[in-house]
Every structure is written in structure tokens, then in C-alpha cells.
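[1] need a structure here:
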Amino acid sequence: MTSDLDLLGQFTRDRSQDAFTTLVNRHVNLVYSAALRQVRSPQLAEEVAQSVFTDLARNAARLNHTGGTPVLTPWLYQVTRRTAIDVVRKESRRQLREQIAVEMTNMNFNSSEWTHIEPLLDEAMDALDEPDRSAILLRYFENKNLREVGRILGTSDDAAQKRVSRAVERLREFFGKRGVTVGTSGLAVIITANAVQAAPVGLAVTISTAAVLAGTAVHTSAVITATKTIAMTTLQKTLITATIAAIAGAGIYEAHQTAQLQDQVRTLQQQQAPLAERIRQLQQERDDATNQVAALRQQITQLKQNTAELLKLRADVTQLRNEANDPTEKTAKTVSTKVNLLKQRLEQMPDRKIPELQFVTEKDWADAVWDANLDTDDGVREALSKLRETAENIFLNEMMKAAFKKYLAAHDDILPADLSQLKPYFELPVTDAMLQRYELLQSGEVDNSADLVKLAVYADADYDSNHGMSINGAWGGRFNRVSGAVEIAAEAFAKANNGIMPGEPAQIMPYLKQPLDANTVQKYLNQIAANKSANRAP
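    Model (predicted):
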């Protein structure tokens, strides 16, 4: 079996792809397993493994010419460990940046977006299938956490997260087709804040009272019916008795009885006169008491409103105090300020703009300025390069690839003669200015194994990125020629000074092929020193 040293030599000397592939196959299980123990994520472990073997390819010549016989396995293990630690740190920072971006979206939310979304929301919800609709209702209408959503739907937390994300994306696509453009995270915030509104305070009481009254009405109706039945039976008995008495009695008895009844009527009328006055007084007292109760109720309602307003004011004051002391809030405001500054600088440099920037989100802007120093021209150009890279990746890997697949399906897998023929197949409107920045590399039938399109125009010759795509994927990466120039000059200085690396800008100025700002040179010298120190670490 060929040794690692011989394979390294073949790769360094002949650029043998087969030799390097053999090395990768020989050690990939070790590297992947070591990375997985560190990052606890198969996807991140794959990224770490790719980074480690990229470092091996970059440092193959140095490893092959070091003193003694190099042992590749320990070197791979140490680089894997350092790379995994860096990935864990970057992942933590990414999660914090995503949280800040969401909070920035909340701060920048405009009520007009809800005005456009509200008339379409129920139609969009109806377009979802039942599981997706249930996930949205539980997560954003009832504000349940993912664990509760998963429990109710009978799935795991991860499955609930995927279902909610997929459902939100389908809602966003629904709104986008109707001219309402909103980001995925922004749509979730808008639905959470507005989809469920508080019912009027008295509505529940009114509904409950109406139900009770309805029940009472039914009961009363039954009593009245029974009373009428009883009354009718008694009346019939009285009539029968009176008839018998009239037949059996004499006319004198009847007259006497009538006189007695008339006397009783007069007596009752005399007794009722003071009772009627008393009844009138009681009715007046009742009306006065009713008015007093109404006035007291109004006073109580006013006091409750005043108390609620006081509590709300106290809560607002507490929230403002907490926000003033919240480090996350301060960080979000700092990032928001840097985003606004970068947008101002971009307006001052129109030649650095690309039309694809219209597809980036507020989160993408936040990522671009997160650790950027916008006080220097170098920092501004680096941040803009990162932002353009994101926009170009979205345009190529997501939008153009999807448009190509639709075009091929409609034209028997024959490629267009010009990229402008793809315009009707994009989900979102694109311009000729966007398409003219890219070059079509194939014609006729598509070759799945070769590049199909590549970026042809740079917005910044020193700070930009390379991009390309095949029908199955895309590739790309940023470059910084200023950093590369400083690194070449530093190596030339070290070669001329017995391997001693420069520490001051003045030391490498004679070796630079173009004039550079001293602060910029110092920045990249510090980066070179840090990288070398990390490579020497055990």
C-alpha cells in the first residue's frame, strides 16, 4: 500500500487528483468522527471535514518538505479539533445574529404590511393542507412553543419545527404571487402580532348572559302554560257550581248575594286607594335607586379604566428601563446603526452596487456588518463584498437554477440561446441588467457534470467573489486581493530576512506592488500572525 508520504508527494509534485482522493478515502472516517464528537451535528461535521481536507491540500507542500517523516494522522486530528472548535463558536455567533435580526425586523415592522396581508390571510390559510394549517394555528395564532406543537400533532420537536417552517414558506409564496413581498421571519412576526385580536371586554359576559336569559325564558313559558291550564280547570268548576246554584237557589238569595258582593267591592276600592299611593311612592324610590346604581356603575367603570391605564403606564416604564439595560437590545441597536451607515456608504459608491441586492434581507445586511469596521475604506469594501456574495448566491443558486429547470421542462431539455430567454421563468421579476452580469457556458442539451453559468462582471476588482452553477448546484467564494498582496509581500520579506515575519507596515512597503494604507496593511499583518500562531498550536 502506498504510504501517506508518497501520496502527498504525488499530489504536490504532479497535482494528482487520484493521490489526493486516496488520502481522503483513507482518513475521512477519522476526521468526520472527530468532528462529530465536537460539533454534535452531522451537517456541521461534514463542513468541518471538508475544511480540514481543504487545509491539507493547501499545506501539502509544506508537510511534504518538513524535517523527518511526517505522520499525517496526528496532523489531521489536531486540525480537525481546531476547526471544530471554530465552527462551534461561529455557530453560536450565527444563532445570536439570527435572534438580533428577528428583533430588528420587529423594530422595523411597518403596520402597512399587515394592511396588505390581512385581506389575504384566511385565503392563504385555507390553501394549506390540514397538518400545515394546524401547525401555523398552534404556533403563531395560539403562541404555543414547538414542544407543545409537536405533542399536539403527535410528532417530535424537530418535525414540528420543519412543518412550521415549511408552512410559513408556503404562506410567503402565496403572498408573493399576489404582490405582497415579505420575508419568512417577518411574516411569522406579523402573524403572531396581528392574527388574533382581543375581543371586546364585555362580549363574553354578554354572550353568557344571553344564554342564561334564554334558558330562563323557556322555563317561564312552561310555568305560564301550566298556570293557564290550572286556571282554566278552576274556572270550569266554578261555572258548573254557579249553574247548579242558580238552578237550586231562589231569586231572593241571588239578590242578597249580589248586594253583599257590591259592598265588598266598595270596601276593597276604599282600601286600594292608599295602596295605590304607596305603590306610586315605591316605584319612584325604585327609579331613584336604579339611577343611583347606574351612576355608581359608571364611576366604577371609570375607576377601572383609570387603574388599567395606570398599570399600563407602569408596565411601559418597566419595559423601557429593562430595554435600556438589556445588552441584546443594545447590540441590536448597534447593528441597526451599522446597517444604516453601510447603506449610506453604498449610496456614495454607486459603482459598487449590483441589481441583485434587491433580493437580500435585513438579516443579510446584519450579517454583513456584524464584525465589520466601517470606519475604514477596507472595512466598508469587505462588508459590501460579503453582501454582494449573498445576493449573487441567491440569484444563481435559488432563482436562476429554478428558472432553468422550468425552461428545460418546457423546451424538451434544450438550453436557451441567451439568458434573456429565461426571464418569463423566474418567480420574481428580473432585469436585463441582472442577466448581463452572467455568462451562459453551454448550448443545446445540458451537461449535468459541467458548469452552466458563471459570473462575468465584478463590481470591485479587489473585493468581490467568484460564482458559478451547474444544473444541480452552485459554487462561489469571496476573494480579497488586498489581503493577498500583503501576504505575498510578507512572504517576500521573510524570505529576505531568514524567515522572520514582518510586524510593521513599513517593513513590507518595498515589497508591495501597489500602495496601500498603513492601517490596512497592519490589519492583514495581524491576521497572518494569528493564523501562523494557530497552526503552531498543539
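[2] make it CA atoms for all contacts and neighbour counts henceforth
    OK.
[3] which secondary structure element contains residue 479?
    For residue 479, the host element (DSSP states H and E) is strand 474-480.
[4] Can you name the residues in contact with that strand?
    For strand 474-480, contacts defined as Cα atoms under 8 Å, 6 or more residues apart in numbering pick out 382, 385-386, 389, 393, 396-397, 462-469.
[5] can you check stretch 115-132 too?
    Contacting residues not belonging to stretch 115-132 are listed as 133, 153, 163-164, 166-167, 170-171, 174-175, 180, 195 [Cα under 8 Å, 6+ apart].
[6] Which parts of it count as buried, going by neighbours?
    Neighbour-count burial for stretch 115-132 flags 117, 120-121, 124-125, 128, 132 (criterion: 16 or more other Cα atoms under 10 Å).
[7] Of the residues you listed, which is the nearest to residue 515?
    The closest of these to residue 515 turns out to be residue 117 (Cα to Cα; 53.6 Å).
[8] Identify those among the buried residues of stretch 115-132 that sit within helices.
    Residues from the buried residues of stretch 115-132 lying in helices, with DSSP state H as the criterion: 117, 120-121, 124-125, 132.
[9] sorry, back to before: separate out the buried members of the contacts of stretch 115-132.
    Among those, the ones that count as buried by 16+ other Cα under 10 Å are 133, 163-164, 166-167, 170-171, 174-175, 195.
[10] Make CSV out of those residues and add distance to residue 278 and secondary structure.
    What follows is those, written out as CSV (distance: Cα to Cα, whole Å; DSSP: H, G, I helix; E, B strand; the rest coil):
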residue, distance to residue 278, secondary structure
133, 67, helix
163, 74, helix
164, 72, helix
166, 76, helix
167, 72, helix
170, 74, helix
171, 71, helix
174, 73, helix
175, 72, helix
195, 59, coil
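[11] phi, psi of residue 468?
    Torsion angles at residue 468 (phi, psi; degrees, to the nearest 10) stand at phi -160, psi 170.
[12] Quick check: chain neighbours aside, which residue is closest to it?
    residue 454 (4.0 Å; Cα to Cα, 6 or more residues apart in numbering).
[13] separation between the residue nearest the centre of the chain and residue 136?
    Centroid check for the chain by Cα atoms, centre = their mean gives residue 185 as the closest residue, at 2.0 Å. Distance of residue 185 to residue 136, given as Cα to Cα, to the nearest Å: 13 Å.
[14] Any regions of the stretch 201-350 of the chain where pLDDT drops low?
    201-257, 320, 322-330 (pLDDT under 70).
[15] What ranges does it have for its helices?
    Counting by DSSP state H, counting those that start in this stretch, the segments of the stretch 201-350 of the chain that form helices are 203-248, 251-325, 327-348.
[16] what sits against residue 513?
    Residue 513 is in contact with residue 485, counting by Cα under 8 Å, 6+ apart.
[17] all numbers from here: first residue = 165
    Sounds good: first residue 165 from here, last item residue 677.
[18] Three-state assignment for it, please.
    Taking DSSP: H, G, I helix; E, B strand; the rest coil as the rule, one finds residue 677 in the coil state.
[19] how far away is it from residue 645?
    12 Å.
[20] and what of residue 428?
    Distance check for residue 428 against residue 645: by Cα to Cα, it reads 123 Å.
[21] Domain parsing of this protein, as residue ranges.
    For the chain, the structural domains run 168-269, 273-358, 497-636, 647-700, going by automatic domain parsing.
[22] Tell me which of these sits nearest to residue 476.
    Closest of these to residue 476 is domain 273-358, at 18.2 Å (criterion: Cα to Cα).
[23] Export the domains of the chain to a markdown table and append columns for distance to residue 465.
    Shown next, in a markdown table, are the domains of the chain (distance: least, Cα to Cα, whole Å):
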| stretch | distance to residue 465 |
| --- | --- |
| domain 168-269 | 37 |
| domain 273-358 | 27 |
| domain 497-636 | 41 |
| domain 647-700 | 67 |
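[24] now for those domains, which one comes closest to residue 474?
    Closest approach to residue 474 among those (Cα to Cα): domain 273-358, 23.4 Å.
[25] So for that closest one, mean pLDDT?
    On average, the pLDDT along domain 273-358 is 86.
[26] what distance separates that domain from the middle of the whole chain?
    Mean-position distance between domain 273-358 and its chain equals 10 Å (Cα atoms, centre = their mean, to the nearest Å).
[27] try stretch 436-447
    Relative to its chain's centre, stretch 436-447 lies at 73 Å (Cα atoms, centre = their mean).
[28] Tell me who's in contact with residue 306.
    Contacts of residue 306 by Cα under 8 Å, 6+ apart: none found.
[29] hmm, back to that, now, the contacts of strand 638-644 that are in strands?
    Members of the contacts of strand 638-644 lying in strands (criterion: DSSP state E): 627-633.
[30] Whichever of those end up buried, select them in ChimeraX.
    This is the ChimeraX syntax for the buried subset of the ones in strands among the contacts of strand 638-644, where burial follows 16+ other Cα under 10 Å:
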select :627,628,629,630,631,632,633
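[31] So for residue 529, what's the pLDDT?
    pLDDT at residue 529 comes out at 96.
[32] Excluding covalently adjacent residues, which one is nearest to it?
    Spatial nearest neighbour of residue 529, excluding adjacent residues (Cα to Cα, 6+ apart): residue 503 at 6.2 Å.
[33] show me the contacts for that neighbour.
    Contacts here follow Cα under 8 Å, 6+ apart; on that basis residue 503 touches 529-530, 533.
[34] Kindly report the same for residue 505.
    Shown in contact with residue 505 (Cα under 8 Å, 6+ apart): residue 538.
[35] likewise the one 4 residues further on?
    Going by Cα under 8 Å, 6+ apart, residue 509 touches residue 544.
[36] picking up where we left off before, how about the strand holding residue 643, which residues are buried there?
    For strand 638-644, burial by neighbour count (16+ other Cα under 10 Å) applies to 638, 640, 643-644.
[37] Can you lay out these as CSV showing pLDDT and distance to residue 541?
    Listed next are the buried residues of strand 638-644 as CSV, based on pLDDT from 0 to 100; distance: Cα to Cα, whole Å:
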residue, pLDDT, distance to residue 541
638, 85, 30
640, 88, 24
643, 91, 16
644, 93, 13
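[38] ok, of those, which one's closest to residue 168?
    Among the buried residues of strand 638-644, and counting by Cα to Cα, the member closest to residue 168 is residue 640, at 30.3 Å.
[39] Return the set of residues that bridge with that closest one.
    Judged by DSSP bridges, the bridge partners of residue 640 are residue 631.
[40] Now for residue 587: which residues touch it?
    567, 593-595.
[41] So among these, which ones count as buried?
    Those of the contacts of residue 587 that meet the buried threshold are 567, 594, by 16+ other Cα under 10 Å.
[42] Find the nearest non-adjacent residue to residue 646, please.
    Closest to residue 646 by Cα to Cα, 6+ apart is residue 626, at 6.3 Å.
[43] From residue 455, how far off is that neighbour?
    84 Å.
[44] Looking only at neighbour counts, state which of the two leads.
    Per other Cα atoms under 10 Å, whichever of residue 626 and residue 455 has more neighbours is residue 626, with 16 against 12.
[45] so that one makes contact with residue 648?
    No. Contact criterion Cα atoms under 8 Å: residue 626 and residue 648 do not qualify, at 9.7 Å.
[46] Give me the neighbour count for the closest residue to residue 556 other than its chain neighbours.
    The shortest distance from residue 556 to any non-neighbouring residue, by Cα to Cα, 6+ apart, is to residue 520 (6.4 Å). By other Cα under 10 Å, 22 other residues sit near residue 520.
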